[in-house]
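> The sequence and its predicted three-dimensional model are supplied below.
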Amino acid sequence: MWMDVLFQGIIDLAQSKRVSMPVRILCTCLISLVFLIGITGLFLLVFIIEGQSLLRRGIFLLMGLAILAYYLYFLSILVGKDGKKP
């Protein structure tokens, strides 16, 4: 429960225009690291681990794709519209 609040707080800090650039870069790197570890773990569960049912692999694949889509959405918010830096 507290991890969700911490994670959302760091995302909000990375998107805020009121904090300094080094803090925003640090928050963005931290969030990217968490996202990439999660995405990698779920795709490893789908394609590497043997002995899982097709339904279970499909669920892990959908979860990985959902996290990937949310990560790309997060990065698009940071970059801003029309490629302008925030």
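Nice, I can see it.

> just checking, what packs against the helix or strand of the chain with the lowest mean pLDDT?
For the chain, using mean pLDDT, DSSP states H and E, the weakest element among its helices and strands is helix 2-15, scoring a mean of 84. Using 3 or more C-beta pairs under 8 Å, 6 or more residues apart in numbering; DSSP states H and E, the elements in contact with helix 2-15 are helix 21-47, helix 54-79. Backbone N, C-alpha and C define where each C-beta goes, glycine included.

> For M1, find the nearest of those.
Evaluated over the helices and strands packed on helix 2-15, closeness to M1 peaks at helix 21-47, with 16.4 Å, by C-beta to C-beta.

> Are there helices or strands packed against that closest one, and which ones?
helix 2-15, helix 54-79.

> picking that back up, report the angle between the least confident helix or strand of the chain and helix 21-47.
Orientation of helix 2-15 against helix 21-47 (axes from the mean of the first three to the mean of the last three C-alpha atoms, to 10 degrees) gives an angle of 130 degrees.

> For helix 2-15, buried residues please.
Of the residues in helix 2-15, I10, I11, L13, A14, Q15 count as buried by neighbour count, 16 or more other C-beta atoms under 10 Å.

> Also stretch 26-43?
Quick answer for stretch 26-43 (16+ other C-beta under 10 Å): C27, T28, I31, V34, F35, G38, I39, L42, F43.

> coming back round to it: would you turn the helices and strands packed on helix 21-47 into JSON lines with distance to I48?
Below are these laid out as JSON lines (distance: least, C-beta to C-beta, whole Å):
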{"stretch": "helix 2-15", "distance to I48": "26"}
{"stretch": "helix 54-79", "distance to I48": "11"}
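
> Would you format the helices and strands packed on helix 2-15 as JSON lines with distance to M1 and mean pLDDT included?
Formatted as JSON lines, the helices and strands packed on helix 2-15 follow (distance: least, C-beta to C-beta, whole Å; pLDDT from 0 to 100):
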{"stretch": "helix 21-47", "distance to M1": "16", "mean pLDDT": "88"}
{"stretch": "helix 54-79", "distance to M1": "19", "mean pLDDT": "88"}
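
> With distance to V5 as new columns, can those be given to me in CSV?
As requested, the helices and strands packed on helix 2-15 are exported to CSV (distance: least, C-beta to C-beta, whole Å):
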stretch, distance to V5
helix 21-47, 14
helix 54-79, 17
